[in-house]
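Enquirer: the following comprises the amino acid sequence and a computationally predicted model.
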Amino acid sequence: MRIHAREVIGLVLIVVGIGFEKQWWAIPREWNPWQPLRVADPITPVTQWKLQRLEDNPEACLAALQTTPGESLVYTPLAPHTPVEGCPLENVVRIQRSAVTFNRSFVASCPLALTWALYERHRLQPLARDVFRQPVTGVEHYGSFACRNIYHRANARRSEHATADALDVAAFRLESGRRIELLSDWDDEGEAGEFLHQAQEDACGLFGTVLGPDYNAAHANHFHLGVRGVSICR
Ligand SMILES: [Zn+2]
């Protein structure tokens, strides 16, 4: 009996079809753009795309934030309010702590809170364990909300801080108590400098806008980690 190519192709298509139905080839959730984002899932190139879709979907964003495992993010959802005239806030939460303590609680848009949770868990802590063999236990920041334009210029566009869409991070504290600070350790040639440079690189592609000491003098003492923009990294 001769087997025709057409029959073989037909048979293959049937098997592939059954495979999809039985989910032999199910795409892992973190690679499937249509599956909701979960904080514990590994980060993939699809993660930033999922984050961006959540910017216009407050309920889905809060649902994703709730997937943060255990006590690794302590926050309170806030009703829409206008803390400063001209800068209404909506879809915001107050972050009290995460797996790290902060020098003070801060207001964050839901996408910012979610991106931070992903960054801390999947990037910052593994990096700290790699470089220092211990976790980060504290993060010092200069704040997230400020009702202003970029560089305080009257004719510039609104800053990401005007909508609590960015956090300015100044220093990290390790479990041993050692403090790694942007201002004094960025140019360090040892592990502190290595840690800070890698921490910035690891933030790129997850946060939409990442600015650091190499960008300009205004950022000599902090990382600007914002959720607007796509992979802006300077
Ligand atoms: Zn900033």
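Expert: All right, it came through fine.
Enquirer: Leu54 against Leu112, yeah?
Expert: No. Using Cβ atoms under 8 Å, Leu54 is not in contact with Leu112, being 10.9 Å away. No exception for glycine: its C-beta is placed from N, CA and C like everyone else's.
Enquirer: which one of the two has more residues nearby?
Expert: The neighbour comparison of Leu54 against Leu112 (other Cβ atoms under 10 Å) goes to Leu112, with 30 against 23.
Enquirer: can you tell me the element the more buried one falls in?
Expert: For Leu112, the host element (DSSP states H and E) is helix 110-119.
Enquirer: run through who's touching that helix.
Expert: Helix 110-119 is contacted from outside by 37, 39, 43, 47, 51, 54-55, 58, 61-62, 64-65, 68, 72-73, 75, 91-93, 95, 98, 108, 144, 164-167, 202-203, 206-207, 225-227, using Cβ atoms under 8 Å, 6 or more residues apart in numbering.
Enquirer: any part of it near the ion?
Expert: No. Against the ion, helix 110-119 shows no contacts by Cβ under 5 Å from the ion, the least distance being 11.2 Å.
Enquirer: buried ones in stretch 51-65, by neighbour count?
Expert: For stretch 51-65, burial by neighbour count (16 or more other Cβ atoms under 10 Å) applies to 51, 53-55, 58, 61-62, 64-65.
Enquirer: tell me who's in contact with the residue of the chain at minimum distance from the ion.
Expert: Going by Cβ to the ion, the ion is nearest to His224 of the chain, at 3.4 Å. Contact analysis of His224 by Cβ under 8 Å, 6+ apart lists 160, 166, 168, 209-212.
Enquirer: in what helix or strand does it lie?
Expert: Secondary structure (DSSP H and E) places His224 in strand 223-226.
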